[in-house]
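> Fold the following and give me the result.
(one chain, ligands or ions: 1)
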Amino acid sequence: MKNPIEKKIHSLETKGACPYLSKSNVPINFEDPIFNKSPELTFQKLRSNAPIQQITLGDGFPVWLISKFDDAVYVLRDPRFIKSPNNLRVFGDETLKGQTKRTTSAYILRRFHMLANDPPEHTRLRNFAQKAFTPKIIAGMRAQIQKITNELIDKIESNKKFDFIDDFAYQLPIIVIAELLGLPVEDREKLRNWSDILIEVQVTEKNKQSIEDSADAFIDYLKNVFALHRKEPKNDLISAFLKLQETDDNMTEDELYATIFLLIIAGHETTVNLISNGMYALLSHPEQLNLLKNNPELIHSAVEEMLRYNGPVINSTMRLAAEDILINGVTIKKGEGVLVIFLSANHDETKFDNSLSFDITRKNIKHLAFGYGIHFCIGAPLGRLECEIAITAILNRLPNLKLDHTADSIEWRTSNIIRGLKKFPVIF
Ligand code: HEM
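Sure, this is the predicted structure:
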């Protein structure tokens with residue numbers, strides 16, 4: 001029988017964040033379509049009534065929700081909030097000694113990358129990736145992203161009616177990341193299927209096997225890709241990673257698989273929903289839409305405002321308190337979980353004037369949509385570039401784009417991770 005801490009860790013590693021079952025002063029249910037229609041209203045209550053509020057996950061795991069900007073920054077930069085449950089050991093948790101290392105393919109893909117680790121492993125894994133995934137390399141992708149965007153618009157232009165997500169926003173980031181990594185673009189459906197299965201947070205008896213099968217298939221696929229790239233290196237990220245690995249004995253093959261997996265999953269749904277939430281914000285604020293059409297140079301501040309106003313990531317990945325930590329009068333006990341709600345921090349009225357309104361002329365927007373601290377998004381330059389190119393191209397080529405029906409009938413996804421629309425029908 002597992003002891004209580006092992007049970008907690010098991011649930012974190014296998015299930016991640018489950019639907020919230022709130023027993024607290026501001027009820028939150030991320031599965032509720034009404035909540036998802038206007039989460040900003042619930043978050044506003046949370047910030048004023050219970051800015052650090054404990055809830056219980058479906059499996060009984062206690063988690064603190066951090067909803068104010070300054071508390072969010074505090075948590076994200078305090079090294080006592082850790083990512084890897086194994087590191088509770090470093091902080092003297094005897095109960096974890098002797099825990100066996102699980103090395104199934106799914107375990108490798110989920111736990112051997114930077115976002116699941118703390119320093120010094122995090123620093124090592126991030127520095128390795130950052131050597132090849134540089135802002136300069138991303139900036140060099142501009143012409144290629146523009147070309148892919150134009151080709152996608154060519155395909156929908158004659159339709160007069162399409163789904164903005166399925167037919168456009170969903171396609172762009174997976175093609176971009178496949179090309180950047182050096183994976184055949186025709187493999188994108190395969191990559192998408194594996195990722196969809198592998199990011200499933202709830203591991204059940206029913207899906208356990210398909211998760212392991214997908215992880216095995218993904219790793220086998222990368223083994224072949226690596227063999228081809230080693231034989232014939234190209235000008236892509238995988239070739240650059242393999243070259244770096246030749247002189248870096250510390251980076252294992254398993255860590256490379258997990259790093260590539262992370263780049264694919266962390267950069268896909270996020271960028272899809274940044275572009276589509278951003279376009280939706282413009283279409284539902286016609287005065288802002290016209291302002292951008294008439295002043296295309298505002299695209300940079302418009303993208304920052306899209307990230308702040310309705311960014312695609314609702315809350316952070318889970319952190320654990322490595323010891324009892326007092327924050328703003330609340331003690332978070334060792335082993336308890338913490339989630340920072342980015343969407344709420346980005347609407348904090350003490351940080352942003354008229355925080356609930358969408359204003360593409362807002363200056364110096366310091367939002368948390370890409371996180372903060374050591375895990376700050378490594379793909380931020382790429383996400384920003386893709387959004388900027390996609391929105392500009394759509395406004396230039398389809399200037400009469402409108403929602404196909406009223407904003408009232410629009411349905412949001414019921415996810416506790418990604419903020420995005422289920423469907424986004426448009427006409428022009
Ligand atoms: C475009 C919208 C994007 C948003 C809003 C976004 C958001 C975030 C956030 C909030 C985090 C921190 C999570 C936490 O601390 O718990 C993060 C981390 C990360 N993101 Fe992004 N992301 C985006 C695009 C991308 C892209 C395009 C890539 C790569 C292709 C990427 C790769 C990563 C990686 C590797 C990390 C982990 C960094 C670390 O642990 O040091 N992201 N992202």
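
> continuing past the longest helix seen in the chain, what's the next helix or strand?
The longest helix of the chain (DSSP state H) is helix 253-283. Downstream of helix 253-283, the next assigned helix or strand under DSSP states H and E is helix 286-294.

> Now for the residue in the stretch 151-300 of the chain that the ligand sits nearest to, how many residues are close by?
Taking Cβ to the nearest ligand atom, the ligand has its nearest neighbour within the stretch 151-300 of the chain at Gly267, 2.7 Å off. In short, each C-beta sits where N, CA and C put it, glycine included. By the criterion of other Cβ atoms under 10 Å, Gly267 has 21 neighbours.

> now swap in Lys83 and tell me
Counted with other Cβ under 10 Å, Lys83 comes out at 21.

> you'd agree the residue of the stretch 151-300 of the chain closest to the ligand is up against Arg384?
No. Assessed by Cβ atoms under 8 Å, Gly267 is found out of contact with Arg384, at 11.9 Å.

> and this protein, which of its residues are near the ligand?
Neighbours of the ligand within the chain, by Cβ under 6 Å from any ligand atom: 114-115, 126, 177, 262-263, 266-267, 270-271, 274, 311-313, 316-317, 342, 369-371, 375, 377-379, 382-383.

> Narrow those residues to those that are buried.
Taking 16 or more other Cβ atoms under 10 Å as the criterion, what is buried in the residues of the chain next to the ligand is 114-115, 126, 177, 262-263, 266-267, 270-271, 274, 311-313, 316-317, 342, 369-371, 375, 377-379, 382-383.

> Pull up the gap between Thr252 and Phe128, please.
11 Å (Cβ to Cβ, to the nearest Å).

> what's the answer for Pro184, then?
Counting by Cβ to Cβ, the separation of Pro184 from Phe128 is 24 Å.

> cool, and Phe226?
15 Å.

> before we move on, what about Ala321?
In this view, Ala321 and Phe128 are 28 Å apart by Cβ to Cβ.

> Looking at those two now, which is surrounded by more residues?
Higher neighbour count among Ala321 and Phe128: Ala321, with 23 against 20, using other Cβ under 10 Å.

> nearest spatial neighbour of that one, skipping sequence neighbours?
Nearest non-adjacent residue to Ala321, counting by Cβ to Cβ, 6 or more residues apart in numbering: Ile332, 4.6 Å away.

> residues near that neighbour, how many?
25.

> does it have beta-bridge partners, and which?
Partner residues in beta bridges with Ile332, using DSSP bridges, are Ile325.

> contacting residues around it?
Listed by Cβ atoms under 8 Å, 6 or more residues apart in numbering, the contact set of Ile332 reads Ile52, Trp64, Ala321, Asp324, Ile325, Leu326, Val338.

> if you set the cut-off to 10 Å instead, what comes out?
Residues in contact with Ile332 (Cβ atoms under 10 Å, 6 or more residues apart in numbering) are 52, 54, 62-64, 66, 75, 80-81, 319-321, 323-326, 338.
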